[in-house]
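J.: just coords:
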């Protein structure tokens, strides 16, 4: 299975899904013109990955901002990962948020309450902080 790498843009996150290591990354901003068009290949990739997943999969989510339509697509992504976990694999979501970003922390907590996958909340130190 091929890895999935997408360069981030001002409107779309950087994506790095590596089937060999089970390391998945989603970083940046997610405000694409059409969230479904952007996320469908990611969701399809995870569905295929689930058929031959690594024993351990870790999804690192480090988003500065995402819009409402992206939040639904991200939930669909998590649901696909739930299936990978239900098949007996270890799956963890590492939700990175900045210390002063209450909204992003809350979003991660909301997802963790809906999805049957262990979430780890990871506070990012501000770069060149005060």
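T.: That came through fine. Since the structure is predicted, the reported quantities are computational estimates derived from the model, not experimental observations.

J.: nearest spatial neighbour of residue 21, skipping sequence neighbours?
T.: With sequence-adjacent residues excluded and distances taken as C-beta to C-beta, 6 or more residues apart in numbering, residue 21 is closest to residue 54, at 6.9 Å. Glycine gets a C-beta too; all of them are placed from N, C-alpha and C.

J.: what number of residues lie near that neighbour?
T.: 17 (other C-beta atoms under 10 Å).

J.: what's the helix or strand for it?
T.: Using DSSP states H and E, residue 54 sits in no helix or strand.

J.: my read: it touches residue 18, true?
T.: No. Judged on C-beta atoms under 8 Å, residue 54 makes no contact with residue 18 at a distance of 9.1 Å.

J.: and residue 98, how far is that from residue 104?
T.: The spacing between residue 98 and residue 104, counted by C-beta to C-beta, to the nearest Å, is 7 Å.

J.: so which residues of the chain form helices?
T.: 35-50, 68-86, 102-114 (DSSP state H).

J.: want to throw those into TSV with mean pLDDT, mean neighbour count and distance to residue 120?
T.: Converted to TSV, these look like this (pLDDT from 0 to 100; neighbours: other C-beta atoms under 10 Å; distance: least, C-beta to C-beta, whole Å):
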stretch	mean pLDDT	mean neighbour count	distance to residue 120
helix 35-50	97	17	19
helix 68-86	97	17	14
helix 102-114	96	14	9
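
J.: those: which one's closest to residue 9?
T.: Checking those against residue 9 by C-beta to C-beta gives helix 35-50 as the closest, at 10.0 Å.

J.: who's in contact with residue 4?
T.: For residue 4, the contacting residues are 15-17, 41-42, 45, by C-beta atoms under 8 Å, 6 or more residues apart in numbering.

J.: hmm, try it at 7 Å
T.: 15, 17, 42, 45 (C-beta atoms under 7 Å, 6 or more residues apart in numbering).

J.: with residue 23 instead?
T.: residue 58.

J.: mind doing that once more with 8 Å?
T.: 16, 57-58, 60.

J.: do residue 36 as well
T.: 69, 73.

J.: make it 7 Å
T.: residue 73.

J.: same check, this time on residue 103
T.: Per C-beta under 7 Å, 6+ apart, neighbours of residue 103: none.
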